[in-house]
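Engineer: Let's see this in three dimensions:
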Amino acid sequence: MARKFSLAYLTVPGIEAVDQIRMAAEAGYDTVSLRTIPMGQLGEPQNDLIREKELFAEIRRTLQTTGMKVLDIELVRVREDLPLDYRAEFEKGAELGATEVLSSCWTENQDFAVEAFGRICEQAQEFGMNVNLEYPASSAIHDLAGVARLQEKVKAPNLKLFLDMLYVFWAQDTPEAIRAINPDRFGLIHLCDCPKDYYLRDRTEIMRARREYPGLGAIPLVPILQALPKNPCSIELPNEEYIHQYGAMGHIERCLAHAKEIIQLVDQ
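Structural biologist: The predicted structure is shown next:
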């Protein structure tokens, strides 16, 4: 089966969901990864699909006319001051066809994290969705071993380990460490590369505005990806310079072209 590619929201920061869907379809992506759980960040579309019924209807129409599918919705963050009931958001995501939810842990309280993820996974299961647990470098858990331990404690079959190649690289997680884990425990993959001069740059800048095209950076992507199951790859690759140089459409086309080149090496 051919590998599926999705266009993540952050690749073109601030993009409206309808535009993201149309551009992904035109560029040849298989699916889109929509940010439909508002994070309240300035300059970012909030996409409150529960209250904005017209927006929800327009997104659904655009999916139908383009033939595009939704792979996942984001972002569920677990922290003491954030909600723990996402049924309404999951229901809307499922109505759009999403089968995956992205999540991350932002609390140092492991007991709270286990309880919270248990509840969230139960809610997602009601709508046939998996919860994919990521480990951003700035979050409370920032390596594979940490999210694997949390997954084991939660004991939810629909809680999956979600690997972003940038964070795998920074955590120094090895292909051997990945292979030591049952492949069924892994979920989606965020595909990007890290600039070769990463040691001269701020990590936050790289995460949000300087990710590199797959194969052009410092990450040994092929052996890492070969250690993972052949799950869908969502391309999350914000790069202000490339968007300025090529335009948003040119940038996402190049993202997909470089991703396909890498995956061809991985899957051969």
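Engineer: Tell me where this structure has strands.
Structural biologist: Assigned strands in the chain, in chain order: 5-8, 31-35, 69-78, 100-105, 130-134, 159-164, 186-191, 233-235 (criterion: DSSP state E).
Engineer: who wins for proximity to residue 216 among those?
Structural biologist: Closest to residue 216 of these, according to C-beta to C-beta: strand 186-191, at 12.6 Å. Placement of C-beta: from N, CA and C, glycine included.
Engineer: Which secondary structure elements does the closest one sit against?
Structural biologist: Applying 3 or more C-beta pairs under 8 Å, 6 or more residues apart in numbering; DSSP states H and E, we find strand 186-191 packed against strand 100-105, strand 130-134, strand 159-164, helix 165-171, strand 233-235.
Engineer: now these in a markdown table, with distance to residue 152 and mean neighbour count?
Structural biologist: Formatted as a markdown table, the helices and strands packed on strand 186-191 follow (distance: least, C-beta to C-beta, whole Å; neighbours: other C-beta atoms under 10 Å):
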| stretch | distance to residue 152 | mean neighbour count |
| --- | --- | --- |
| strand 100-105 | 14 | 27 |
| strand 130-134 | 12 | 25 |
| strand 159-164 | 10 | 25 |
| helix 165-171 | 18 | 23 |
| strand 233-235 | 25 | 28 |
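Engineer: what's the closest of the ones you listed to residue 68?
Structural biologist: Among the helices and strands packed on strand 186-191, strand 233-235 sits nearest to residue 68 (C-beta to C-beta), with 13.7 Å.
Engineer: Low-confidence stretches in the stretch 151-268 of the chain?
Structural biologist: For the stretch 151-268 of the chain, applying pLDDT under 70 flags no range at all.
Engineer: Settle this for me: residue 93 is touching residue 70, isn't it.
Structural biologist: Yes. With contact defined as C-beta atoms under 8 Å, residue 93 counts as touching residue 70 (7.2 Å).
Engineer: who touches both of the two?
Structural biologist: residue 34 (C-beta atoms under 8 Å, 6 or more residues apart in numbering).
Engineer: which residues of this structure fall in helices?
Structural biologist: Assigned by DSSP state H, the chain shows helices spanning 17-27, 53-66, 87-95, 110-126, 144-154, 165-171, 175-179, 203-209, 221-226, 240-267.
Engineer: right, and these - which one's nearest residue 188?
Structural biologist: helix 165-171 (11.8 Å).
Engineer: what residues does that closest one touch?
Structural biologist: For helix 165-171, using C-beta under 8 Å, 6+ apart, the contacting residues are 134-137, 142-144, 189-194, 203, 206-207, 211, 214, 218-219, 221, 224-225.
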